[in-house]
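In: Next input, structure requested:
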Amino acid sequence: MMILQQLPVIDEEKLQKTTDSLKTVTEQFVTVLKDDPETAFSQLGHSALMFGLKVLAAILIYLLGIWLIKKVKNMLNRNFERKHTDKTIASFTSSLISAVLTILVITLCISTLGINTTSLAALLAAGGMAIGMALSGTLQNFAGGIMLLAFKPFKAGDFIEAQGYSGTVSEVNMVSTKLITVDNKVIIIPNGALSSGNINNYSVMQTRRVDYLVPMAHGTDADSFIKAVNAIIIEDKRISEPFVALNKIDANSVEFVIKLWVKTEDYWSVYHEFYQTLYTTLTAQGFEFAANRLEINK
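Out: Just a heads-up that it's a prediction; the model follows:
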């Protein structure tokens, strides 16, 4: 069932007065034009000149305001860098201040043109409900940005996984967060969804564990295998607290589990390099990895 929003009531009396005022001004100009055309055109030219000056002033104020906003943003960024402020807070604060100052500049330009900003504010207030409903998603994302800034589940430079994407956080602005994936794609995630969903932060801890499941052929000597793997581990100084054990035995293989603790920044290099060293070393020592075989009885 749809709930219809109540529209603001139009003040017919006020509208009629405005219409009558415009009509009166037009009639007065036509009268002056008939009686004294030179004066009428002089007044019209003066009015056009004044309006043109107002437009020119508004344009100059806008250009000056945009230039000042850029200067303020650059000054803030330099200040954040000098104080080593967290990049997440810096980017969010910078975008928020930029938006607020832009709104102020636009309001000043409108006021310079002679438009009553009080009436404009009243008009925006009257349509506030409709604007709020239309921008509900944006407001939700803004609130999500505030939550991310307050609780700090991640910071710029962290590698996270959220909303089905994984990558390094490069920027958190008022309504969205930007990720750079490992294949250099840019993913933009709305802050509303990000703040209300699961976030897996791979960078928050100093160490991570690398897990391997290694299927070996039946008949593999467990003690010899574990001894050979530990010998490989000792050679890699990046690895600490290793654990090697027989994990399970099934119809296809004898499975061993290997768990290695490494620094977070060494995770991927150890993950791939140790796999390669493990394969080449064990193969050279005569260990046989499991392989599915299809036996056909004649």
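In: can you confirm F142 is in a strand?
Out: No: counting by DSSP: H, G, I helix; E, B strand; the rest coil, F142 is located in no strand; its state is helix.
In: quick one: contacts for it?
Out: Residues in contact with F142, defined by CB atoms under 8 Å, 6 or more residues apart in numbering, are M174, V175, N191. For every residue, glycine as well, the C-beta is placed using N, CA and C.
In: Give me the number of neighbouring residues for L282.
Out: 19 (other CB atoms under 10 Å).
In: Assumed it was part of a helix.
Out: Yes: counting by three-state DSSP, L282 is located in a helix.
In: Ignoring the adjacent residues along the chain, who's closest to Y202?
Out: With CB to CB, 6 or more residues apart in numbering as the criterion, Y202 has its nearest non-adjacent residue at 4.6 Å, and that residue is F159.
In: Poorly predicted segments of the stretch 151-298 of the chain, please.
Out: For the stretch 151-298 of the chain, applying pLDDT under 70 flags the ranges 292-298.
In: Looking at the contacts of F142, which are in helices?
Out: Of the positions in the contacts of F142, N191 sit in helices, assigned by DSSP state H.
In: top of the contacts of F142 by neighbour count?
Out: Top of these by neighbour count (other CB under 10 Å): N191, with 25 neighbours.
In: who touches it in this structure?
Out: Counting by CB under 8 Å, 6+ apart, N191 makes contact with N141, F142, A143, G144, G145, M147, L148, V172, M174, V175, S176, T177.
In: Only whichever of the residues you listed are buried, select them in ChimeraX.
Out: For the buried members of these, the matching ChimeraX selection, counting by 16 or more other CB atoms under 10 Å, is:
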select :141,142,144,145,148,172,174,175,176,177
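In: could you point out the longest helix in this structure?
Out: Counting by DSSP H, the longest helix found in the chain is helix 37-82.
In: what's the spacing between the residue most central in space within the chain and D183?
Out: With distances taken as CA atoms, centre = their mean, T177 lies nearest the centre of the chain, 1.3 Å away. Going from T177 to D183 by CB to CB, to the nearest Å gives 18 Å.
In: quick revisit: Provide a list of residues in contact with the residue nearest to Y202.
Out: S166, G167, T168, V169, N201, Y202, S203.
In: Was I right to think the last one contacts P153?
Out: No: taking CB atoms under 8 Å as the contact criterion, S203 and P153 are not neighbours in contact, 11.3 Å apart.
In: is it fair to say I189 lies in a helix?
Out: No: counting by three-state DSSP, one finds I189 to be strand, located in no helix.
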